[in-house]
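Trainee: Sharing a model that was predicted from the sequence below.
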Amino acid sequence: MLDAVLWGLIQGLTEFLPISSSGHLVLVPAVLGRDGPDLATSAVLHLGTLAAVLVYFRAEVGEVLRLTDPGKRLLRLLIIGTIPAAVLGFAFKNGFEWLNERPTAVAIALILTGLALFATRWIPRGRRAIPDSSDWDATTLGFGQALALIPGVSRSGATIATGLARGFDRAEAARFSFLLGIPAIAGAGLLEFIDLANDGRGVTSATWVGMAVAALAGYAAIALLLRLIERAGLAPFGIYCVGFGTIALILI
């Protein structure tokens, strides 16, 4: 139960804060000298974070489901933005899994992520919003999201940084990132459930507790980031990533 709560808390916070959930779920167990979450836990935790983002952005999700004009436009942008990660994920699945088993490589990727996030402090503040987005904007954010297939690279960090480089307002870049994460998180969870079904293992009651923790922590992380990013940008998260990645690298 305590393990499930720990992994749920880490998954929920790091899925949306730009500090890499994949990196933490590899490095925290490596530093503590214990096993990370198993396949069943990982699959259910993704359900928790998916629930968090769906509830937080229920208005936008409702527009998409009702197929209003803004909803149809947003749906097109999300589909376009999801394609790069989907294609590269299937093409290089084995390579990404190989990296996931090497904590040293993950720590280095987290440090590089931190440096990139810190560098965004020199990007001029933009004013663009999601309704101003073009298909090319969705494509570039999609390639930013694809970078996060590398364990240790933050999905939200890469997509928000790309949005800032495209001239988006900080909060709008974060909102775009979170909305783009809906199909990505759902797809990752679906693939893990397929693997789980093939493996023949079940889900324990403790794992469902972890899912609830991931959902609550994820919702809080979204709200926190949307408030913090307007004031401080991504640089503080970059400092954290460099610090934690360096400590993990030394300990490992």
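Mentor: Structure's in. What do you need?
Trainee: What segments of the chain are helices?
Mentor: Using DSSP state H, the helices assigned to the chain run over residues 2-16, 21-32, 39-56, 58-66, 69-91, 93-100, 103-119, 135-147, 155-165, 170-199, 205-232, 235-251.
Trainee: then the shortest one to CSV, C-alphas only?
Mentor: Which is helix 93-100. The C-alpha coordinates for helix 93-100 follow below in CSV (Å, rounded to 0.1, in the frame of the first residue of the first chain):
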residue,chain,number,x,y,z
LYS,A,93,10.0,1.1,-28.9
ASN,A,94,12.8,-1.3,-28.1
GLY,A,95,15.4,1.4,-28.0
PHE,A,96,13.4,3.5,-25.5
GLU,A,97,12.8,0.5,-23.4
TRP,A,98,16.5,-0.2,-23.4
LEU,A,99,17.2,3.3,-22.1
ASN,A,100,14.5,2.9,-19.5
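Trainee: residues in contact with it?
Mentor: When contacts are taken as C-beta atoms under 8 Å, 6 or more residues apart in numbering, the neighbours of helix 93-100 outside the stretch itself are 22, 26, 89, 105, 106, 109, 149, 150, 151. Where C-beta positions appear, they are placed from N, C-alpha and C, glycine not excepted.
Trainee: I'd assumed residue 112 was in contact with the fourth one.
Mentor: No: applying C-beta atoms under 8 Å, one finds residue 105 not in contact with residue 112, separated by 10.7 Å.
Trainee: Now do the shared contacts for those two.
Mentor: When contacts are counted by C-beta under 8 Å, 6+ apart, residue 105 and residue 112 are jointly contacted by residue 152.
Trainee: out of the helices of the chain, nearest to residue 127?
Mentor: Within the helices of the chain, the stretch nearest residue 127 is helix 170-199; the backing value is 8.8 Å (C-beta to C-beta).
Trainee: Just the closest of the contacts of helix 93-100 to residue 252, please.
Mentor: Taking C-beta to C-beta as the measure, residue 106 is the one of the contacts of helix 93-100 closest to residue 252, at 9.2 Å.
Trainee: still on that earlier bit, are any of the contacts of helix 93-100 buried, and if so which?
Mentor: Buried members of the contacts of helix 93-100, scored by 16 or more other C-beta atoms under 10 Å, are 22, 26, 89, 105, 106, 109, 149, 150, 151.
Trainee: With adjacent residues omitted, what lies nearest to the fourth one?
Mentor: If I follow you right, that is residue 105. Using C-beta to C-beta, 6 or more residues apart in numbering and skipping the chain neighbours, the partner closest in space to residue 105 is residue 99 (5.3 Å).
Trainee: sorry, back to before: I'd like the helices of the chain laid out as a markdown table, including mean pLDDT.
Mentor: Supplementary listing: the helices of the chain in a markdown table, determined by pLDDT from 0 to 100:
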| stretch | mean pLDDT |
| --- | --- |
| helix 2-16 | 91 |
| helix 21-32 | 90 |
| helix 39-56 | 87 |
| helix 58-66 | 96 |
| helix 69-91 | 94 |
| helix 93-100 | 86 |
| helix 103-119 | 96 |
| helix 135-147 | 96 |
| helix 155-165 | 96 |
| helix 170-199 | 87 |
| helix 205-232 | 92 |
| helix 235-251 | 96 |
